[in-house]
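Undergrad: Return atomic coordinates for the entry below.
(2 chains, ligands or ions: 2)
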Amino acid sequence: MTAFVQQLIYGTSYGMNLAVAAAGLALIFGVYRVINLAHGQLIMLGGFATYVVTTQIGTHFFVGFFAAMAVMGLLGIALESTIFRILQARPATDQLLASLGVYMILGTVALRIWGDFEARPVNMPGEAWALHLGEDIRIDGARIVTIAITLALFIGLYFVVYRTHLGRTMRATAQGGETAELMGIRKRRVAALVFFIGGALGGSAGAMLGGLFNVRPDMGFQPLLMALIIIIFGGMGSLGGAIIAGLILGILYNLTVYYVGSKLGDLVPFGVLLIVLMVRPQGLFGLPGRRA
Amino acid sequence: MLEIKNLVLAYGVNRVVRDVSFSVAKGEVFALLGPNGAGKTSILRAISGLVPAVSGDIVFEGKTLLRRRPHSIVLDGIAHVPEGRQIFPEMSVSDNLMVGATVHINNRARVRELEARCLELFPIIRERARQAGGTLSGGEQQQLTIARGLMADPRLLIVDEPTLGLAPAIINTVADSFRKLRDLGLTIIVAEQNADFALKVADHGAVLASGELSFSGSVDTLRDRDVLRRAYLGA
Ligand SMILES: Nc1ncnc2c1ncn2[C@@H]1O[C@H](COP(=O)(O)OP(=O)(O)OP(=O)(O)O)[C@@H](O)[C@H]1O
Ligand SMILES: [Mg+2]
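TA: Ligands and ions are numbered 1, 2, ... in the order given. Below is the predicted model:
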């Protein structure tokens, strides 16, 4: 029972982290209609940005965290304005392949720089203490800090998307791009905004994953895969769906690793994917027949 | 106020609008008539900057609109209510309305005034404000799209096929709202297949048949001449 509660909380922190990464992917997909596989490397580079600023330069975690968000947001804008904009008139598969190309390039660059596989830790607030629930449930402070950060990110995201005019322009573009333009919405500005927020969310996920598990050049792959499954599970483009699906997936993953074995943990996302595709292909919150 | 000069539009090599010229005077309702595929929507989209012109010119208040982005055309005073309603289905009615005010959004007082004007013209919008746009009836959606266009505070309002799929009683309310808008000093261009509606609300009009202009002039002459019948029947 005590182990169960602990794994539930660890799964929640991992799942919230994945949900943050997935929310960036879902936002870009919902508004811009591209599945940006390069997102995985923005997560990884966000981790390294945090490592450089926090560990190497020696600042507080949050300095590195916000630097990672800003730099990855700008990288998102750069990718949109160079690659995706040119390919926007082309079939979705072209954009998908191009984003895979970007994924490979960024991965290779990271390997050139940090390919020695040395352990690269990022000190996170909360690492020095732990929460004791009752006799023998011990929860790392860093896990709790992660949950708090992700909650803050989701509240901020909700506020921007549902409570500001910028959010209205994003939602309008998602629901009818050309009509949105006819209403005076600047298509390019919305695209830049969405890629900035998406990239920043990826960067923040990388910063937190780096804090929890060390930073590695291949650290973007698993969260990318999980995030892809989460947005299919949650309903393509749905932010709320991504959060709930991320939580479910993260908790299932942790419980499986703990009770069944770490080798089987990786089967969880694929098992979930198979079941979702068979039972509810539109995802938790996707509308049947909605263009996806 | 708006002049279309020898306009040619094409999709690929297919020239769907050929050498069309007409002009719209300030304060009038101008009808663009013609059967399916005549090129009405293409011309309206060219005015709003969604379709590039192959040749010719579109001049609004003395300035060309060619090679301009849609948002800057809205900023200049042209709002476009697109064909097929095109409300944002998952956004609330009031959010739909506010999207229309995008170019003025930083001027809160003006947005409030514009909103008050819309609610007065279309009271149904107030009743439905919190409902998702997609749950409105066809007639309500059409009123919402016109109101949404008005939130840009345009001097020229473009409306593409407002009566499509509406019951006669609702078509009459749309006609009434056009008259009210003209009384407010707006210039309106309305594209229609429904000639009865167009002849009822418009002062001048142009008739298109497969991409070419077959008539342009006052609606009174249009009523008497048989250009309409010929355009529609291809006779
Ligand atoms: N995006 C497009 N790509 C290729 N051809 C198009 C496109 N849009 C319109 N066309 C063609 O251009 C011609 C004119 O179409 P347009 O939509 O302007 O006609 P319309 O007068 O508005 O017709 P309707 O009354 O049916 O709305 C048609 O032959 C149509 O098939
Ligand atoms: Mg049309």
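Undergrad: For the closest residue to ligand 2 within chain A, give me its contacts.
TA: Closest residue of chain A to ligand 2, C-beta to the ion: residue A:178 (13.7 Å). For glycine as for every other residue, the C-beta is placed from the backbone atoms N, C-alpha and C. Counting by C-beta atoms under 8 Å, 6 or more residues apart in numbering or on different chains, residue A:178 touches B:50, B:82.
Undergrad: Mind telling me what element it is part of?
TA: Here residue A:178 sits within helix A:177-182, counting by DSSP states H and E.
Undergrad: Go ahead and measure how far that helix is from the middle of the chain.
TA: When distances are taken as C-alpha atoms, centre = their mean, to the nearest Å, helix A:177-182 is centred 28 Å away from the chain's centroid.
Undergrad: Can you pull the domain assignment for chain B?
TA: B:2-77+B:154-233, B:87-153 (automatic domain parsing).
Undergrad: got the CA coordinates for the helix holding residue A:178 in PDB?
TA: The C-alpha trace of helix A:177-182 is given here as PDB (Å, rounded to 0.1, in the frame of the first residue of the first chain):
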ATOM      1  CA  GLY A 177      -7.900  29.300 -40.400                       C
ATOM      2  CA  GLU A 178      -9.100  31.200 -43.400                       C
ATOM      3  CA  THR A 179     -12.100  32.700 -41.600                       C
ATOM      4  CA  ALA A 180      -9.800  33.800 -38.800                       C
ATOM      5  CA  GLU A 181      -7.700  35.600 -41.400                       C
ATOM      6  CA  LEU A 182     -10.800  37.300 -42.700                       C
END
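Undergrad: is that helix up against ligand 1 anywhere?
TA: No: residues of helix A:177-182 contacting ligand 1 under C-beta under 6 Å from any ligand atom: none, with a closest distance of 10.5 Å.
Undergrad: In that helix, which residues are buried?
TA: A:177, A:179, A:180, A:181, A:182 (16 or more other C-beta atoms under 10 Å in any protein chain shown).
Undergrad: cool, and stretch A:248-265?
TA: So, applying 16+ other C-beta under 10 Å, buried residues of stretch A:248-265: A:248, A:249, A:250, A:251, A:252, A:253, A:254, A:255, A:256, A:257, A:258, A:265.
Undergrad: Now do the contacts for the residue nearest to residue B:223 when sequence neighbours are not counted.
TA: Nearest residue to residue B:223, sequence neighbours excluded (C-beta to C-beta, 6 or more residues apart in numbering or on different chains): residue B:199, at 5.8 Å. When contacts are counted by C-beta under 8 Å, 6+ apart, residue B:199 touches B:31, B:205, B:219, B:222, B:223.
Undergrad: Separate out the buried members of these.
TA: Using 16+ other C-beta under 10 Å as the burial test, the contacts of residue B:199 include B:31, B:205, B:219, B:222 as buried.
Undergrad: Just give me the closest of these to chain A.
TA: Nearest to chain A out of those is residue B:31 (C-beta to the nearest C-beta; 20.2 Å).
Undergrad: my guess is residue B:80 is in a helix, correct?
TA: No: read with DSSP: H, G, I helix; E, B strand; the rest coil, residue B:80 is strand and lies in no helix.
Undergrad: quick one: is the helix or strand encompassing residue A:3 near chain B?
TA: Here residue A:3 sits within helix A:2-32, counting by DSSP H and E. No: using C-beta under 8 Å from any C-beta of the partner chain, helix A:2-32 stays clear of chain B, coming no nearer than 10.7 Å.
Undergrad: Could you find the closest non-adjacent residue to residue 65?
TA: You didn't pick a chain, so chain A it is. Using C-beta to C-beta, 6+ apart and skipping residues adjacent in sequence, the residue nearest residue A:65 is residue A:207, 4.5 Å away.
Undergrad: Chain B was what I was after
TA: Excluding the flanking residues, the one nearest residue B:65 by C-beta to C-beta, 6+ apart is residue B:58, at 4.5 Å.
Undergrad: and the helix or strand bottoming out on mean pLDDT in chain B, what other elements does it pack with?
TA: The least trusted helix or strand in chain B, going by mean pLDDT, DSSP states H and E, turns out to be helix B:227-233, with a mean of 71. Contact here means 3 or more C-beta pairs under 8 Å, 6 or more residues apart in numbering or on different chains; DSSP states H and E; on that basis helix B:227-233 packs against strand B:204-209, strand B:212-218.
Undergrad: Show me the contact partners of it.
TA: If you take C-beta under 8 Å, 6+ apart as the criterion, helix B:227-233 is touched by B:33, B:34, B:35, B:38, B:195, B:207, B:208, B:209, B:214, B:215, B:222, B:235.
Undergrad: same check, this time on stretch B:155-162
TA: Stretch B:155-162 is contacted by residues B:1-2, B:24, B:26, B:40-41, B:44, B:47-48, B:60-61, B:77-84, B:142, B:146, B:149-150, B:174, B:181, B:186-194 when judged by C-beta under 8 Å, 6+ apart.
Undergrad: Within reach of ligand 1, which of these are there?
TA: Applying C-beta under 6 Å from any ligand atom to these, one finds that B:40, B:41, B:83, B:193 fall near ligand 1.
Undergrad: Now do the SS call for the residue nearest to the first one when sequence neighbours are not counted.
TA: So that's residue B:40. Take residue B:40 and drop its neighbours on the chain: the residue closest to it by C-beta to C-beta, 6+ apart is residue B:191, 3.9 Å away. Following three-state DSSP, we place residue B:191 in the strand state.
Undergrad: Run through the bridge partners of residue B:191.
TA: residue B:32, residue B:160 (DSSP bridges).
Undergrad: List the residues that contact it.
TA: Residue B:191 neighbours (C-beta under 8 Å, 6+ apart): B:31, B:32, B:33, B:40, B:41, B:43, B:44, B:83, B:158, B:159, B:160, B:161.
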